[in-house]
Each structure stands twice: as C-alpha cells, then as structure tokens.
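Colleague: Using only what follows, build the 3D model:
(one chain, ligands or ions: 2)
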Amino acid sequence: MTASPVIKAVTNFKQVSKTLEEFDVEEQPSSLLEKRYPNIRVIQSAVKQLKSDEHKIYTEDGKEYIYEKLCLCAGAKPKLIAEGNPYVLGIRDTDSAQAFQKNLAQAERIVVVGNGGIALELVYEIQGCEVIWAIKDKAIGNTFFDAGAAEFLLPKLTAESRETPIECKRTKYTLEGSEEKGRVTGTSDKLGSALGPDWHEGLHLKGTKEFSHKVHIETQCEVKKIYLQQEFIQLQRTSLTFPKGEKNVEADEVLWPVYVELTNGKIYGCNFIVSATGVVPNVEPFLDGNNFAVAEDGGLKVDEHMHTSLPDVYAAGDICTAAWEPSPVWHQMRLWTQARQMGWYAAKCMAADALGESIDMDFSFELFAHITKFFNYKVVVLGKYNAQGLGSDHELMLRCTKGHEYVKAVMQNGRMMGAVLIGETDLEETFENLILNQMDLSMYGEDLLNPDIDIEDYFD
Ligand SMILES: Cc1cc2nc3c(=O)[nH]c(=O)nc-3n(C[C@H](O)[C@H](O)[C@H](O)COP(=O)(O)OP(=O)(O)OC[C@H]3O[C@@H](n4cnc5c(N)ncnc54)[C@H](O)[C@@H]3O)c2cc1C
Ligand SMILES: NC(=O)C1=CN([C@@H]2O[C@H](COP(=O)(O)OP(=O)(O)OC[C@H]3O[C@@H](n4cnc5c(N)ncnc54)[C@H](OP(=O)(O)O)[C@@H]3O)[C@@H](O)[C@H]2O)C=CC1
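Modeller: Ligands and ions are numbered 1, 2, ... in the order given. Now for the predicted structure:
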C-alpha cells in the first residue's frame with residue numbers, strides 16, 4: 001500500500017564487497033511490479049489509520065484491510081528549522097526537489113542550513129546563485145566525515161570551474177511539477193518516496209546569475225530568527241538595538257524577500273532558505289492511537305527481527321529505530337542502503353515467523369558500510385568511521401594526497417574500527433575485511449597506510 005503513484009525500484013545493483021552495495025533508484029509504474037511478481041498487488045492509497053488491536057488498516061479512499069502481518073515502511077519527513085514558513089524549503093521527494101528547482105531558477109541568493117548529505121550535495125551542484133551555507137560545526141560534512149576530510153574536499157567547493165558531472169542517461173524521477181503556493185513554490189502535503197543516489201542529476205540546479213559557483217560558509221552558527229521583508233524593514237526602523245546594516249547586515253543594495261539572523265550575529269538576505277537539517281520518522285498521524293514503543297529520535301523501535309513492540313507489526317527503513325544490541329562496528333543511519341537491507345531482512349523475518357522458523361541476523365548488520373559521491377569524489381565510509389562511541393581511546397591513521405585521495409583508518413587497541421576512503425583508493429575490500437576480522441594490526445604500525453606497500457596482497 002503506498003501513497004505515491006510510482007514505485008521505487010533498485011536497478012543496476014552491484015555488490016561492491018561483502019557489505020558495500022551500489023545501485024540506482026528508479027521510479028517505475030506499479031503495474032510493472034505486479035507484472036513481474038504476480039503475488040504482489042499494489043494499492044495506491046495513503047493509509048489513514050492503523051488499528052493494530054483489530055489488525056486493520058484504513059485507507060484514504062475509504063477502504064479497510066485486514067492483515068495477518070504488517071510491515072511499516074512509511075519513511076521519514078524533513079525536520080525543518082521553521083515548519084510552516086513559506087520561505088523555508090525541505091527536500092525529500094520528487095515534488096519537493098522540483099519545487100526547489102523552480103524557486104532556484106528565480107533566485108540570486110539562497111541560504112542553506114545543515115551540514116549533512118543534502119547540504120553537501122546541494123552546495124556543490126548549485127550554479128548561478130550565491131549560496132550562504134550555515135553550519136553548526138567548524139568543518140563541512142559532519143555527518144559523513146571529520147575536519148581532515150573536509151579540508152581535503154574544500155578546494156573542490158571553492159574552485160570556480162568544476163568538472164562537468166557525468167551525464168545521467170536515464171530519467172530517474174518522473175513525477176510532474178508542483179503547485180504554486182505562497183511566494184515560493186511550495187510542495188503538496190502528500191509524502192512521496194525519498195530521493196536516492198544521484199537525485200540531482202535529472203534536475204537543472206541553476207539560479208539567475210551568470211557566475212558558476214559562489215559559496216560562502218558561515219561556521220559554528222545556527223539560525224536565530226527568520227524575518228520576512230516587511231518585518232525586517234519595520235525592525236530596522238523601530239528597534240534601537242537591531243542591526244542597521246553597517247556591521248552585521250552585509251551592505252546590500254537590494255531588498256530581499258526574507259532575512260536570516262544567525263547566532264553569530266550576522267544577517268543575510270536571500271530569496272529562500274533550504275533546511276537540510278535531517279529527518280524525523282513518519283509516524284504521525286496515521287499511527288496515532290497505537291501504543292508503539294518509540295525511540296528518542298521518534299522512530300518505531302524494532303528488535304533484531306525487525307519486529308515493533310506491537311504483535312504482528314514489523315517496520316523497516318527510515319521509519320524505524322534499531323533497538324537491538326548492535327555489532328560494535330554497525331550503527332543505524334537513515335540511508336537507502338540500510339532501508340533496502342532492512343526491508344529485505346524484514347520480509348525474511350515475517351516469512352520465518354509465519355512458518356515458525358528461526359532466523360539469524362542478516363550479515364549486512366555486521367558492519368556499517370556506505371558508498372556515495374560528494375564533490376565528484378567516490379566516498380566510502382566503513383564501521384565507526386568518525387570514531388563514533390569509541391571515546392578518546394582511539395588513534396587515527398591518515399594518508400592524503402591533495403586532490404587525489406584521502407584515507408583515514410580509525411584504530412583502537414591495534415584493531416581497525418572504521419575508515420573513510422575518498423577517491424579511487426581501491427582499499428574498501430581490504431579495510432572491510434580488516435574491520436570484520438578484527439585482526440591485531442599493531443605490528444604493522446604506520447606501514448598499514450604506506451602507499452609503497454600493497455596491503456591488498458599483504459592481507460590476502
Ligand atoms: C535528497 C535526498 C538524497 C538522498 N540521497 C541518498 C543517497 O545518495 N544514498 C543513500 O543511501 N540515501 C540517500 N537518501 C536517503 C534515502 O532516500 C532514504 O533513507 C530512503 O529512501 C528511506 O527509504 P524508506 O523506504 O524508509 O522511505 P521512503 O523512501 O521515504 O519511502 C516511504 C514511502 O512511504 C509512503 N508513505 C508515507 N506515508 C504513507 C501512508 N500514510 N500511507 C501509505 N504510504 C505512505 C511514501 O509515499 C513513500 O513511498 C537521500 C534522501 C534525500 C531526501
Ligand atoms: N549521499 C548520501 O548518502 C546522502 C544521504 N542523505 C540522507 O538523507 C537524509 C536527509 O539528509 P539531511 O537533511 O542532509 O540530513 P543529515 O542527517 O545528513 O544532516 C542533517 C544536518 O543538519 C544539522 N542540523 C540539525 N538540526 C539543525 C538545526 N536546527 N540547525 C542547523 N543545523 C542542524 C545536523 O547537525 P548535527 O548532526 O550536529 O545534529 C546535520 O549536520 C539523511 O538521512 C541523509 O543521510 C541525503 C543526501 C545524500
């Protein structure tokens with residue numbers, strides 16, 4: 001049962017190593033899925049309400065369905081800095097991405113807030129529009145890497161000329177445009193599927209200006225307040241303490257539709273704001289009235305069999321929070337890769353439960369592994385790649401060739417616990433093995449990253 005008219009399909013799946021997977025995500029009509037798998041019937045209608053004590057779901061088209069077992073995969077919603085403000089956009093699905101593209105086409109300057117996946121991709125891709133990027137941290141990309149890797153990547157962002165991205169041969173996201181709402185083009189309230197790898201390739205992310213890229217980064221700050229143009233003018237006129245434009249507001253000739261005051265005291269006018277500030281699991285309102293155990297991050301708690309706290313209800317993907325004791329080198333992140341693995345494993349668990357069979361935890365939860373692309377570099381993150389939860393008792397080993405590769409290994413008690421590999425390092429399989437087998441590597445010391453030693457052969 002799905003609220004969106006298209007089905008997301010994983011295509012060109014490639015097992016890069018034991019745990020690393022690469023694939024494309026395509027929108028396909030649901031009829032194709034039904035044709036390929038005759039046991040599947042797709043019902044396109046949003047679920048309005050779940051009554052888990054009756055084993056029933058009610059859909060928006062007025063129908064009700066009884067289930068024996070149910071798996072909830074309703075994803076997550078963008079967690080916006082100012083919910084309801086028409087100048088604050090989030091990006092989640094095809095609709096919201098197209099709304100963003102439409103607004104960008106009219107824009108001279110935007111403010112991007114957040115320091116994770118979406119912000120990293122946006123600031124690199126946007127052309128012809130000035131970007132003020134406001135981040136809480138000292139360095140860019142805090143959810144994926146550390147300050148060292150950020151330093152490595154930064155020249156790519158500030159370079160005036162960029163490589164032309166490899167052209168996307170397929171139309172991956174196909175929904176038609178969105179409605180006009182307010183002064184920036186809004187999105188409908190219907191929640192579509194979250195975008196996946198290379199989501200921006202089908203979009204034309206260009207503003208009104210002739211220059212290529214212009215990104216200004218404001219570090220260690222958050223958004224304090226957002227002012228609409230009239231509010232801003234009024235405050236400038238009436239408030240003695242409000243900055244009048246000499247010091248804190250950059251000397252602008254133009255009046256902007258909206259102004260952002262940052263906690264570092266600076267104020268920027270812009271056409272609109274992108275809130276790329278993470279997600280919250282999509283549990284309301286359709287799950288209201290059910291007594292689910294919910295984790296601190298708002299996700300439905302699932303055990304090692306993807307089972308929620310309610311009988312016969314399972315959950316997978318962004319909506320759930322892994323509440324089992326994880327492997328020391330795995331953690332949850334709301335990513336396509338994990339949503340796919342969880343969905344696949346949840347299906348196996350449901351089948352095993354129905355047949356009264358036992359099932360072991362899937363191997364993909366042994367090691368956190370993610371492969372992606374930032375600033376046109378291949379990026380692989382493994383295990384506790386940012387030393388998450390390792391305390392101060394760990395060491396970092398680094399190898400970096402400017403503009404070419406960045407290799408970081410996180411070591412604890414002589415064992416490799418995580419790694420960040422940027423560029424074509426060819427080390428992912430070896431490092432994956434070293435993390436999985438927890439071999440004592442103390443005797444190799446710094447040779448572990450010595451470029452003259454072919455460690456692939458060494459550990460074969
Ligand atoms: C811009 C962007 C770029 C991303 N890039 C990457 C990337 O490069 N790599 C990566 O690994 N991850 C990426 N992600 C994250 C990834 O998209 C998500 O982790 C993943 O889609 C989660 O899958 P899901 O099935 O849990 O949720 P979703 O893909 O969001 O699917 C949820 C589905 O539930 C439906 N639904 C919601 N409510 C209801 C209801 N009440 N009734 C019926 N149906 C309902 C929705 O219509 C939707 O089809 C990106 C996310 C975004 C927003
Ligand atoms: N290539 C890839 O793999 C991509 C993956 N994605 C995934 O899509 C989902 C949505 O992406 P995104 O929105 O970027 O989420 P992310 O979770 O990746 O990043 C959110 C960022 O916003 C920051 N933040 C949170 N609240 C505030 C606030 N109030 N003010 C300022 N900053 C704030 C977070 O900082 P802090 O961590 O300190 O709270 C973090 O830096 C994520 O699950 C992400 O992993 C998206 C794009 C690409």
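
Colleague: What residue in this structure comes nearest to ligand 2?
Modeller: Using Cβ to the nearest ligand atom, the closest approach of the chain to ligand 2 is made by Gly116 at 1.9 Å. Quick note: C-beta positions are derived from backbone N, CA and C, even for glycine.

Colleague: I figured that residue hits Asp137, correct?
Modeller: No. Gly116 is beyond contact range of Asp137, at 10.5 Å (criterion: Cβ atoms under 8 Å).

Colleague: Mind checking which of the two has more residues around it?
Modeller: Gly116 (18 against 14; other Cβ atoms under 10 Å).

Colleague: How about the contacts made by Thr19?
Modeller: Residues in contact with Thr19 (Cβ atoms under 8 Å, 6 or more residues apart in numbering) are Phe363, Ser364, Glu366, Leu367, Ala369, Glu432, Leu436.

Colleague: Looking at those residues, spot the one nearest Thr263.
Modeller: Nearest to Thr263 out of those is Ala369 (Cβ to Cβ; 35.5 Å).

Colleague: Could you give the number of residues near Lys301?
Modeller: If we define neighbours as other Cβ under 10 Å, then Lys301 has 18 of them.

Colleague: OK, contacts around it?
Modeller: Taking Cβ under 8 Å, 6+ apart, one finds Phe292, Ala293, Val294, Ala295, Thr308, Ser309, Cys320, Thr321, Ala323 in contact with Lys301.

Colleague: Run the contact check for whichever helix or strand it is part of versus ligand 1.
Modeller: Under the criterion of DSSP states H and E, Lys301 resides in strand 300-302. No. On the criterion Cβ under 6 Å from any ligand atom, strand 300-302 is out of touch with ligand 1, staying 11.3 Å away.

Colleague: Return the distance of that strand from the chain's centre.
Modeller: 20 Å (Cα atoms, centre = their mean, to the nearest Å).

Colleague: Give me the average confidence score over that strand.
Modeller: For strand 300-302, mean pLDDT is 98.

Colleague: Following element in sequence after it, please.
Modeller: strand 313-315.

Colleague: residues in contact with that following strand?
Modeller: By Cβ under 8 Å, 6+ apart, strand 313-315 touches 50, 52, 69-73, 292, 300, 302, 305-308, 346, 349-350.

Colleague: now the stretch 351-460 of the chain, which segments are flagged as low pLDDT?
Modeller: 456-460 (pLDDT under 70).

Colleague: ok, 90 please
Modeller: For the stretch 351-460 of the chain, the stretches with pLDDT under 90 are 391-393, 442-460.

Colleague: Buried only: go through the contacts of strand 313-315 for me.
Modeller: Buried subset of those (neighbour count, 16 or more other Cβ atoms under 10 Å): 50, 52, 69-73, 292, 300, 302, 305-308, 346, 349-350.

Colleague: Flag every buried residue along stretch 75-92.
Modeller: 75-81, 85-92.

Colleague: what do you get for stretch 18-34?
Modeller: Those would be Thr19, Leu20, Glu21, Phe23, Asp24, Val25, Glu26, Glu27, Ser30, for stretch 18-34 by 16+ other Cβ under 10 Å.

Colleague: can you check stretch 323-335 too?
Modeller: Quick answer for stretch 323-335 (16+ other Cβ under 10 Å): Ala323, Pro326, Pro328, Val329, Trp330, His331, Gln332, Arg334, Leu335.

Colleague: repeat for stretch 430-447
Modeller: Thr430, Phe431, Glu432, Asn433, Leu434, Ile435, Leu436, Leu441, Tyr444.

Colleague: now do stretch 210-223
Modeller: His213, Lys214, Val215, Ile217, Glu218, Cys221, Val223.

Colleague: ditto for stretch 284-302
Modeller: Neighbour-count burial for stretch 284-302 [16+ other Cβ under 10 Å]: Phe286, Leu287, Asn290, Phe292, Val294, Ala295, Gly298, Gly299, Leu300, Lys301, Val302.

Colleague: can you check stretch 219-237 too?
Modeller: Cys221, Val223, Ile226, Tyr227, Leu228, Phe232, Leu235, Gln236.

Colleague: is that stretch up against ligand 2 anywhere?
Modeller: Yes. On the criterion Cβ under 6 Å from any ligand atom, stretch 219-237 is in touch with ligand 2 at Glu222.

Colleague: Stretch 414-429 too?
Modeller: No. Using Cβ under 6 Å from any ligand atom, stretch 414-429 stays clear of ligand 2, with a minimum separation of 12.9 Å.

Colleague: With just CA atoms, put that stretch into CSV.
Modeller: This file holds the C-alpha atoms of stretch 414-429, laid out as CSV (Å, rounded to 0.1, in the frame of the first residue of the first chain):
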residue,chain,number,x,y,z
GLY,A,414,45.6,-2.2,17.4
ARG,A,415,42.3,-3.1,15.6
MET,A,416,40.7,-1.3,12.8
MET,A,417,37.3,0.0,13.9
GLY,A,418,36.4,2.3,10.9
ALA,A,419,37.6,4.1,7.8
VAL,A,420,36.9,6.9,5.5
LEU,A,421,38.1,6.5,1.9
ILE,A,422,37.8,9.4,-0.5
GLY,A,423,38.9,9.0,-4.1
GLU,A,424,39.8,5.9,-6.1
THR,A,425,41.7,4.2,-3.2
ASP,A,426,40.8,0.6,-4.1
LEU,A,427,41.1,-0.1,-0.3
GLU,A,428,37.5,-0.8,0.5
GLU,A,429,37.5,-4.6,0.4
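
Colleague: So for the closest residue to ligand 1 within the stretch 51-200 of the chain, what's the pLDDT?
Modeller: In the stretch 51-200 of the chain, the residue found nearest to ligand 1 is Gly75; the distance is 2.5 Å by Cβ to the nearest ligand atom. We have a pLDDT of 95 for Gly75.

Colleague: any idea which element Ala409 lies in?
Modeller: Going by DSSP H and E, Ala409 is in strand 405-412.

Colleague: Among the buried residues of stretch 219-237, which ones are in strands?
Modeller: In strands, defined here by DSSP state E, the members of these are Val223, Ile226, Tyr227, Leu228.

Colleague: Look up the closest residue to the third one, ignoring the ones flanking it.
Modeller: Read it as Tyr227. The shortest distance from Tyr227 to any non-neighbouring residue, by Cβ to Cβ, 6 or more residues apart in numbering, is to Tyr259 (4.4 Å).

Colleague: Next up, the contacts around the residue lying closest to Phe368 once chain neighbours are set aside.
Modeller: Excluding its sequence neighbours, the residue lying closest to Phe368 (Cβ to Cβ, 6+ apart) is Trp330, at 4.8 Å. Taking Cβ under 8 Å, 6+ apart, we find Trp330 in contact with Phe365, Glu366, Leu367, Phe368, Gly383.
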